[in-house]
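**Student:** Quick one, structure for this:
(one chain, ligands or ions: 3)
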Amino acid sequence: MLRIALQKSGRLSEDSYQLFKECGIRFDYGTGKLKSVSSNFPAEFLFLRDDDIPGYVEDGVADLGIVGENVAVETGRPVQTVHKLGFSKCRLSIAIPRGTNWGGIQDLQGKNIATSYPNLLGNYLAEQGVQADIHEISGSVEIAPSIGLAEAVCDIVSSGSTLLSNGLKEVETIFRSEAILIANSALDAEKQALVDKLLFRIKSVQAAKNSKYIVLNAPNQALPQITALLPGMRSPTVTPLATEGWSSVHSVLNENDFWENIEAIRAAGAEGILVIPIEKMIY
Ligand SMILES: Nc1ncnc2c1ncn2[C@@H]1O[C@H](COP(=O)(O)OP(=O)(O)OP(=O)(O)O)[C@@H](O)[C@H]1O
Ligand SMILES: O=P(O)(O)OC[C@H]1O[C@H](OP(=O)(O)OP(=O)(O)O)[C@H](O)[C@@H]1O
Ligand SMILES: [Mg+2]
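**Tutor:** Ligands and ions are numbered 1, 2, ... in the order given. Have a look, this model is predicted:
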């Protein structure tokens, strides 16, 4: 059985739980439960503080875990990154009081910087040749300048609203992060096979999220142009409509190319275009 460590409650939790749900792996969570065995996949889930997850995975207490890349790198535990998960995207940035001038990273020479990421910040400052005092605090970092604890902070930023409401401005991004699946570096063959099975499901879910199923009607003379714009997984399906000279085209389109292609497809003569979400996509 695989042991999988997830954040109990925080910025990673909901998307982590949702990912397993979409992979068809059921387990109970919430209501103060700290452990749960899946009813339909050989896995046990542990609900933990995110900072502890890399350590548990390194020690083999858990085989897999989901954490932010920022935490994986900060803790420096030798675990393997199995896959990027595309959620909880954020950046680790240096911020200073809004009224302060910023001439560059050298301005931090000899200053006090509050952060929960002393290693990531320390390495960055060393690379830049800046010597500063790093003051480690475990949360509410953005308060530090206003209470005289530090002249700058280095913390997670997403929308920027926490910085804004604390009178700070972002001046330097030092790391970009998203949620990742990490694994113990010495899994046995049996566990590795289960990880591969899980990974196959995760990739199918992610592929589906990036694609749309598209159905449209087109006059037969427009088919070469339209099918060229809709390559699909192997090739589009083309079937005749009851109306003479018309066909129905079914295909799959990447979300990123969506609007650009839709314009071209319409211009080629397509009508009655339906765009449908895809739940799973198996290559
Ligand atoms: N505002 C945000 N937007 C997107 N992702 C974020 C945001 N804040 C944090 N993250 C990401 O989610 C991870 C967990 O953040 P969270 O704030 O829940 O951590 P925490 O308070 O340390 O939780 P815990 O109680 O488990 O220790 C961070 O390490 C980061 O990768
Ligand atoms: O740029 P924003 O969108 O405002 O997000 C950034 C904030 O989000 C995180 O804290 P969170 O709200 O998770 O609270 P925490 O300090 O309790 O972890 C992070 O530590 C920042 O403070
Ligand atoms: Mg934490």
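**Student:** Just the buried positions in the lowest-mean-pLDDT helix or strand in the chain, please.
**Tutor:** The helix or strand of the chain with the poorest confidence is helix 258-267; it has a mean of 88 (mean pLDDT, DSSP states H and E). For helix 258-267, the neighbour count (16 or more other C-beta atoms under 10 Å) marks 261, 262, 265 as buried. Where C-beta positions appear, they are placed from N, C-alpha and C, glycine not excepted.
**Student:** could I get it in PDB with only the CA atoms?
**Tutor:** In PDB, the C-alpha atoms belonging to helix 258-267 read as follows (Å, rounded to 0.1, in the frame of the first residue of the first chain):
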ATOM      1  CA  PHE A 258      -8.700  27.600 -28.600                       C
ATOM      2  CA  TRP A 259      -9.800  31.100 -29.400                       C
ATOM      3  CA  GLU A 260      -7.300  31.500 -32.300                       C
ATOM      4  CA  ASN A 261      -8.500  28.300 -33.900                       C
ATOM      5  CA  ILE A 262     -12.100  29.000 -33.400                       C
ATOM      6  CA  GLU A 263     -11.900  32.200 -35.300                       C
ATOM      7  CA  ALA A 264     -10.200  30.400 -38.200                       C
ATOM      8  CA  ILE A 265     -12.700  27.500 -38.200                       C
ATOM      9  CA  ARG A 266     -15.600  29.900 -38.300                       C
ATOM     10  CA  ALA A 267     -14.000  31.900 -41.100                       C
END
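**Student:** chain center to that helix: distance?
**Tutor:** Averaging C-alpha positions (C-alpha atoms, centre = their mean, to the nearest Å) puts helix 258-267 28 Å from its chain's average.
**Student:** List the pairing partners of the helix or strand that that helix is followed by within its sheet, with orientation.
**Tutor:** Scanning forward in sequence from helix 258-267 by DSSP states H and E, the next helix or strand is strand 271-277. Using DSSP bridges, the strands paired with strand 271-277 are strand 211-219 (antiparallel).
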